[in-house]
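[1] Sequence below, structure please.
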Amino acid sequence: MTESSGVAGDGPADVGGRIFPMRLQKFLARAGAASRRGSEDLMSAGRVRVNGVVVTELGSKVDPAVDEVTVDGRTVLLAEGPAYYAFHKPPDVMTTMSDPQGRRTVAEFFPADAPAGLFPVGRLDYDSEGLLLLMTDGDLSHVLLHPKHHVTKTYLATVQGVPTPATLAQLRKGIELDDGMTAPAGAAMVSRTGGRAIVELRISEGRKRQVRRMLKAVGHPVTRLVRVGFGPVQLGNLPMGHVRPLEPNEIEALRWVGR
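    Numbering: from 1, shown residues only. Okay, here's the model as predicted:
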């Protein structure tokens, strides 16, 4: 590992087939471990080692030809491409890779050899379940979560009571919440049994507990919430607690969303 030299630019420069030293956070981002900012966070948290030594100084550089870089004990290589997964999150699981309070997290459902730097795309409430995307592609994650792209998330909500057509129309127009009016949503009745119903809600925003708050605001508290779609990716028949790699066509479809 080389020390920060203060020279402008952070490589890598490929001269005669040799990759010269580059800033560690850029190396991690190029290798798909996380976004540039996410790579800095990994370093600050002490999760990155170079040749067995923890490196937290953001100005540090590495030589990919000779230095071994690991994140959480897993070797990171420039030759590695980003990784993309769909996960069926159970309820009562934190949408994080670690939790200081010792609660269950999504990390425990991934094998020990899962790609370094894997992170959830957005959040899914602790008490909610369903489709969660995880990846090592920080740039694509940023695009998918940016409000200007309006990526639709689809939920099935089991609610108390049976919404009327007028209530569904109200959801489609937008609901006034304590943090402002929501954007128009897709809303449809899926089924009803006695005093309960299942409503499909499609939203393109990412406010905290938004679906639950919207339905409560129209008089139908949620008793179960399942996310079944994130943009073009569907939960399908993926069993709860299981993980699958995204198909190439799904990855391309996600990239297309951000264009």
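
[2] ok, residues contacting stretch 208-220?
    125, 155, 157, 159-161, 163, 167, 170-171, 175-177, 182, 185, 197, 199, 201, 203, 207, 221-222, 225 (Cβ atoms under 8 Å, 6 or more residues apart in numbering). (Each C-beta comes from the backbone N, C-alpha and C, glycine too.)

[3] 6 Å instead?
    125, 155, 157, 159-161, 163, 167, 170, 175, 177, 201, 222 (Cβ atoms under 6 Å, 6 or more residues apart in numbering).

[4] Show me what the mean pLDDT comes to for it.
    Average pLDDT, stretch 208-220: 96.

[5] Report the buried residues of it.
    209-218, 220 (16 or more other Cβ atoms under 10 Å).

[6] ok, back up a step: give me the subset of the contacts of stretch 208-220 lying in strands.
    155, 157, 159-160, 177, 201, 222 (DSSP state E).

[7] Lowest-confidence entry in the residues you listed?
    Note: of the ones in strands among the contacts of stretch 208-220, the lowest pLDDT belongs to residue 177, at 94.

[8] How about the contacts made by that one?
    Contacts of residue 177 by Cβ under 6 Å, 6+ apart are residue 213.

[9] Name whatever forms a beta bridge with it.
    Note on residue 177: beta-bridge partners by DSSP bridges are residue 180.

[10] where does it sit relative to residue 214, distance-wise?
    Per Cβ to Cβ, to the nearest Å, residue 177 is found 7 Å from residue 214.

[11] And for residue 41?
    32 Å.

[12] and residue 158, what does it touch?
    198, 223-224.

[13] Grab the nearest non-local neighbour of it.
    residue 224 (4.0 Å; Cβ to Cβ, 6 or more residues apart in numbering).

[14] Might you list the low-confidence residue ranges for the chain?
    Low-confidence segments of the chain, defined by pLDDT under 70: 1-20, 79-80, 258-259.

[15] from the buried residues of stretch 208-220, which ones fall inside helices?
    210-217 (DSSP state H).

[16] Out of those, which is nearest to residue 235?
    For those, the residue nearest residue 235 by Cβ to Cβ is residue 211; the value is 15.1 Å.

[17] Okay, helices next: where are they in the stretch 1-150 of the chain?
    24-30, 36-44, 138-145 (DSSP state H, counting those that start in this stretch).

[18] Comparing these, which comes out most buried?
    helix 24-30 (a mean of 24; mean count of other Cβ atoms under 10 Å).
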